[in-house]
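>>> Task: produce atomic coordinates for the following.
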Amino acid sequence: MAGHSHIKMWIISTLLLMSFVHPSLANVKKEAKYLILGAGAGGLHAARLLLAQNITDFIILEGTNQIGGRSERSVDFGGITFNPGDMFVYGNIDYLQRLGFGLQKYDFAFWEVRNDQGEDITPEANTQDGILYAAKEATNDLAEGVVKHERPDIDQKTAMAMKGWLAKSPLDEIVQWYYFDFDQGIQMKRESLVGTYRQSLQPDYYLITDYGDSGLFSDVEQQLDEDHLHLGEVVVKIDQSGDKVTVTTGNTPSEEEEYVADYVLVTFSLGVLQQGELTFIPPLPEWKTEQLCRYQRGTIEGVLLRFASKFWSDAEWILHASDRQDVDYHHYPAFLNVDREWMHPGSNILVAILTGKKP
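Residues are numbered from 1 along each chain as shown. Below is the predicted model:
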């Protein structure tokens with residue numbers, strides 16, 4: 001009987017010891033050939049490319065409980081669904097057309113400009129726009145010098161001043177705001193000259209008018225199961241010190257999970273990387289950290305406004321040149337006209353666009 005008691009005590013002790021083992025030590029590492037960090041547009045398109053090559057040995061880790069990132073965020077207003085995250089697109093639009101999306105080439109120059117008194121000053125705005133555009137074109141030689149490492153990068157405001165542009169009136173300021181601040185989401189004095197130079201080489205913009213019946217990433221979603229997509233996995237560490245890359249998820253030690261892969265693709269937004277909550281082992285090179293910290297993020301907000309009837313023109317954009325001094329930066333500078341024939345006719349909706357702040 002004594003021998004049996006010793007066996008029972010050993011079994012009980014072993015079970016108790018196992019129950020107190022740190023959860024991170026007890027977790028079994030999950031392995032894959034490829035790890036994709038983030039299930040936003042970049043991560044899902046990466047999965048699409050792998051699947052197109054019949055490569056299925058991958059896992060997507062997403063910190064939230066949904067996929068798609070900003071491209072899947074929608075707002076229902078006035079019986080219409082707005083998708084602010086991917087309203088405008090540029091580049092290769094063939095796959096969007098194959099998915100049945102409706103696309104309309106967008107004309108940012110189809111505007112109407114009014115002052116505080118409601119007077120139409122569009123002709124004057126067109127004149128100032130031509131002067132600004134000429135000065136912007138003249139900055140290309142400065143930008144090319146930066147690209148060729150012949151001179152340091154400078155901000156847009158400095159470059160434009162060097163080429164003779166200086167906003168001297170509310171009209172100048174709204175034209176300048178539309179060309180720079182709205183385009184980038186930040187004030188021009190914080191915009192990189194070379195960054196906007198490269199963007200100016202991009203093809204035309206398109207507005208998505210119809211998202212079809214399937215959605216932007218429906219073809220990928222249909223092929224992702226629980227083995228390939230892990231939601232609610234917040235990545236906290238990427239360790240490249242070994243033969244393979246180890247990725248750790250979990251906000252607390254008790255929640256930690258480890259994933260091991262030959263290759264890891266990081267598709268996190270700049271905002272996530274700038275938070276400093278993701279640890280890299282070894283640390284990122286100094287030059288890369290510097291670029292991550294220097295890059296400025298822009299914020300553009302849209303306020304949906306619905307009226308009893310339409311009282312504005314058919315211009316795509318209605319700009320407001322205000323001389324008010326008691327407001328922060330610009331006073332409701334731009335409105336996107338949604339009540340257009342190829343958008344949402346009869347909706348009586350404008351979208352007020354706000355960006356930037358007073359320094």
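>>> What pLDDT does the model give the closest residue in space to P283 that isn't next to it in sequence?
Across the structure, with Cβ to Cβ, 6 or more residues apart in numbering as the measure, the residue nearest P283 apart from its sequence neighbours is T289 (7.5 Å). Just so you know, the C-beta spots here come from the backbone N, C-alpha and C atoms, and that holds for glycine as well. According to the predicted model, the pLDDT of T289 comes to 89.
>>> helix/strand/coil for T289?
Following DSSP: H, G, I helix; E, B strand; the rest coil, the label given to T289 is helix.
>>> Equivalent analysis for I131, please.
With three-state DSSP as the basis, I131 sits in helix.
>>> name the element the nearest residue to it once chain neighbours are set aside belongs to?
Beyond its immediate neighbours in the sequence, the residue positioned closest to I131 (Cβ to Cβ, 6+ apart) is W165, lying 7.1 Å away. Take DSSP states H and E as the rule and W165 turns out to sit in neither a helix nor a strand.
>>> How many residues are close by W165?
Other residues within reach of W165 by the criterion other Cβ atoms under 10 Å amount to 23.
>>> Also D172?
18.
>>> separation between D339 and L350?
8 Å (Cβ to Cβ, to the nearest Å).
>>> Mutual contacts of those two, please.
Counting by Cβ atoms under 8 Å, 6 or more residues apart in numbering, the residues touching both D339 and L350 are W312.
>>> neighbour-wise, which of the two wins?
Neighbours around D339 and L350, counted as other Cβ under 10 Å, are more numerous at L350. The numbers are 21 against 18.
>>> residues contacting the more buried one?
For L350, the contacting residues are L305, F307, W312, I318, F335, L336, N337, V338, D339, by Cβ under 8 Å, 6+ apart.
>>> go again using 6 Å as the cut-off
Contacts here follow Cβ atoms under 6 Å, 6 or more residues apart in numbering; on that basis L350 touches L305, F335.
>>> Now for the nearest residue to W111 once chain neighbours are set aside, how many residues are close by?
Nearest residue to W111, sequence neighbours excluded (Cβ to Cβ, 6+ apart): W317, at 4.2 Å. Using other Cβ under 10 Å, W317 is surrounded by 19 other residues.
>>> could you point out where the stretch 201-350 of the chain is predicted with low confidence?
Along the stretch 201-350 of the chain, segments meeting pLDDT under 70 span 201-215, 325-330.
>>> now the strands for it?
Along the stretch 201-350 of the chain, counting by DSSP state E, counting those that start in this stretch, strands occupy 205-210, 229-231, 235-239, 245-249, 257-266, 279-281, 300-306, 317-321, 334-337, 349-355.
>>> So for T158, which of those sits nearest?
Distances from T158 to each of the strands of the stretch 201-350 of the chain were compared using Cβ to Cβ; the shortest belongs to strand 349-355, at 20.4 Å.
>>> Check the offset of the closest one from the chain's centre.
Shown here is strand 349-355, whose average C-alpha point lies 18 Å from the average C-alpha point of the whole chain (Cα atoms, centre = their mean, to the nearest Å).
>>> Now do the buried residues in that strand.
For strand 349-355, a neighbour-count test (16 or more other Cβ atoms under 10 Å) marks I349, L350, V351, A352, I353, L354, T355 as buried.
>>> Could you please name the strands that strand pairs with and the direction of each pair?
Strands that pair with strand 349-355, judged by DSSP bridges, come out as strand 300-306 (antiparallel), strand 334-337 (antiparallel).
>>> Next, count neighbours for S192.
21.
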